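Q: Return a 3D structure for these sequence lines:
(chains A and B)
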Amino acid sequence: MLDPKLLRNQPDDVATLLAHKNYQLDVIDFKNLEKKRKKIQIDTETLQAERNAKSKQFGRMKAAQEDTAQLKKTLDVMSQQLKQAESELDMLKKIIENKELDIPNIPHKSTPIGKNETDNHIIKHWGTPHAFDFDIQDHVALGKLYGLDFEAGSKLSGARFTVMRGGIATLHRALTQFMLNLQIKQGYEECYTPYLVHENALKNTGQLPKFEIDLFKIQTNNETQAHYLIPTAEVPLTNLAANKILDLAQLPIKLTAHTPCFRSEAGSYGRDTRGMIRQHQFDKIELVQITHPDESFSALEEMLCHAENVLKALNLPYRVAALCSGDLGFSAAKTYDLEVWLPGQQKYREIASISNCTDFQSRRMQTRFKNMTGKIELVHTLNGSGLAVGRTLVAILENYQTNEGHIHIPTALQPYCNGLTILK
RNA sequence: GGAGGGAUGGCUGAGUGGUCGAAAGCACCGGUCUUGAAAACCGGCAUGGGUUAGUAGCCCAUCCAGGGUUCGAAUCCCUGUCCCUCCGCCA
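A: Okay, the predicted model is just below:
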């Protein structure tokens, strides 16, 4: 959520910034609602103050055994008026709050302005795509040889589900362990969290109320409150700090977790239907940092390095994109994407996304800290992949293939593979 | 699944209808004392919102959440959530 004061005091400036994110803020509507709110709130609070004063007087008179009949009459009337005023105010506040929950974070000034992914800035390349002197295969053809079973996945659960067996399953598991260990070494605390969360957790990180369609919702018969499958571990990890006032000394908090992620992929029909690039369920190592507001942009650079180090250790060529304003996610002020080279597609494909959400999430979930002067301030939250496991597996299959259709296992993963060095 | 107990400020914990935003202790901050520190003593110390030029003042709200009773609710009633203890079941 944006700072309501900023929205109130400089709605036109905010609208301009949001336009860069392809979001149109209805300034006139907003100003009108605010004007109404202000009037009703002042009226209501004045009435409340009067009621409070008279009620106290009532108590005093009662204690002194004076006659309170006249005063009670006045208070009866006031009480009725108040009920109406309060409910009117509540309704208006709800309307405004619901609108505010739909407004995305504003892009940071270092985020390049642009319409869509074609305007992203490629800021760096690492490694060179391997030149193969034979006809290469894509991960679908290669994976099938070693236990990647798309048919079994769709038989069990439909499109966009995959079963992994044998060598592929080992490689996938080795990747998660390798990545987790690396992130722990880079200073993150390893966590295991629930994969089902309440609506509120998703509201805090910005997936709800706007993007419910992207989520899997679980509703059992005897439950009053639904659960949602997490679309990313960003949700449980970031929410660990919800409703807390942290000590300055606790910052930054650095967390990592290996979890499955569940996404309905509504609106991406027909995209990436082949292979395991876009699945309803995939594993990811997530990184989260909770930082002092002054430190968040340096933390973003640091997290980018932490993600890059995974690809470097696996010797996979990649590039880094600074997302333009129009391609930014809902909660992000600035985002870097890591794109790995996929020989099978002759393309760089997103394998990690690292974002600074500034105070957008912390305001929603009330995560604050006491600064040096004892004043309470909102923290900044960041999240990033370290990395998406399924897509890394795809990259390894395609980048490490041989003429015979074998797969070399990267040295960094071999300690986790029970002596396996090659899939053949 | 059955039976009971509970949820109060950063923490512990008192408070069963009015003057309670809330005792006390701990923690924290400032001061006195001290060569310095500790101890002791004195003082300060909840959050959100509104108004405002204001991190001044004033006002409103908040004692798990949502409803209700009442002129008035931390306190009484209803519903929900979460936690704890015992029994049952269970990886």
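
Q: tell me the average confidence for stretch A:211-220?
A: For stretch A:211-220, the mean per-residue pLDDT is 86.

Q: and it, anywhere near RNA strand B?
A: No - figure legend: stretch A:211-220 not in contact with RNA strand B (CB under 7 Å from any atom of the strand); closest approach 10.8 Å. All C-beta spots, glycine's among them, are computed from the backbone N, C-alpha and C.

Q: Now find how far off-centre that stretch is within its chain.
A: The chain centroid and the centroid of stretch A:211-220 are separated by 16 Å under CA atoms, centre = their mean, to the nearest Å.

Q: Show me which positions of it end up buried.
A: Neighbour-count burial for stretch A:211-220 flags A:214-215 (criterion: 16 or more other CB atoms under 10 Å).

Q: Any chance you could list what contacts that stretch?
A: A:196, A:202, A:207-208, A:226-229, A:231, A:262-267, A:280, A:330 (CB atoms under 8 Å, 6 or more residues apart in numbering).

Q: Now narrow those to whatever sits close to RNA strand B.
A: By CB under 7 Å from any atom of the strand, no member of the contacts of stretch A:211-220 lies near RNA strand B.

Q: Look up the closest residue to A:Thr170, ignoring the ones flanking it.
A: Closest residue to A:Thr170 apart from its sequence neighbours, by CB to CB, 6 or more residues apart in numbering: A:Cys417 at 5.7 Å.

Q: and the gap between A:Ile285 and RNA strand B?
A: A:Ile285 sits 24 Å away from RNA strand B, going by CB to the nearest atom of the strand, to the nearest Å.

Q: beta partners for that residue?
A: A:His258 (DSSP bridges).

Q: picking up where we left off before, next step: the contacts of stretch A:211-220 restricted to strands.
A: Under the assignment DSSP state E, the contacts of stretch A:211-220 contribute A:196, A:227-229, A:262 to strands.

Q: follow-up on the earlier one: pull out the buried residues from the contacts of stretch A:211-220.
A: So, by 16+ other CB under 10 Å, the buried ones in the contacts of stretch A:211-220 are A:202, A:207-208, A:227-229, A:231, A:262-264, A:280, A:330.

Q: Identify the farthest-apart pair in these.
A: By the measure CB to CB, A:His227 and A:Phe330 form the most distant pair in the buried ones among the contacts of stretch A:211-220, at 21.4 Å.

Q: all helices of the stretch 1-150 of chain A, in order?
A: A:4-9, A:11-19, A:27-63, A:69-101, A:139-145, A:150-157 (DSSP state H, counting those that start in this stretch).

Q: distance between the ends of stretch A:227-243?
A: One end of stretch A:227-243 sits 20 Å from the other (CA to CA, to the nearest Å).

Q: tell me how far it is from the chain's mean position?
A: Taking CA atoms, centre = their mean, one finds stretch A:227-243 lying 8 Å from the centre of the chain it belongs to.

Q: Pull out the buried residues from it.
A: A:227-242.

Q: Hmm, A:Thr411 and the residue nearest to A:Thr170 touching each other?
A: No - A:Cys417 is beyond contact range of A:Thr411, at 10.5 Å (criterion: CB atoms under 8 Å).

Q: With adjacent residues omitted, what lies nearest to A:Val389?
A: Nearest residue to A:Val389, sequence neighbours excluded (CB to CB, 6+ apart): A:Asp283, at 4.0 Å.

Q: go on, A:Leu142?
A: Excluding the flanking residues, the one nearest A:Leu142 by CB to CB, 6+ apart is A:Leu397, at 4.7 Å.

Q: cool, A:Phe161 as well?
A: Nearest to A:Phe161 is A:Gly153, by CB to CB, 6+ apart, at 3.9 Å.

Q: That neighbour: neighbouring residues, count only.
A: Number of residues near A:Gly153 (other CB atoms under 10 Å) recorded here: 20.

Q: Also A:Lys56?
A: There are 10 residues near A:Lys56, going by other CB under 10 Å.

Q: ok, it - contacts?
A: By CB under 8 Å, 6+ apart, A:Lys56 lies in contact with nothing.
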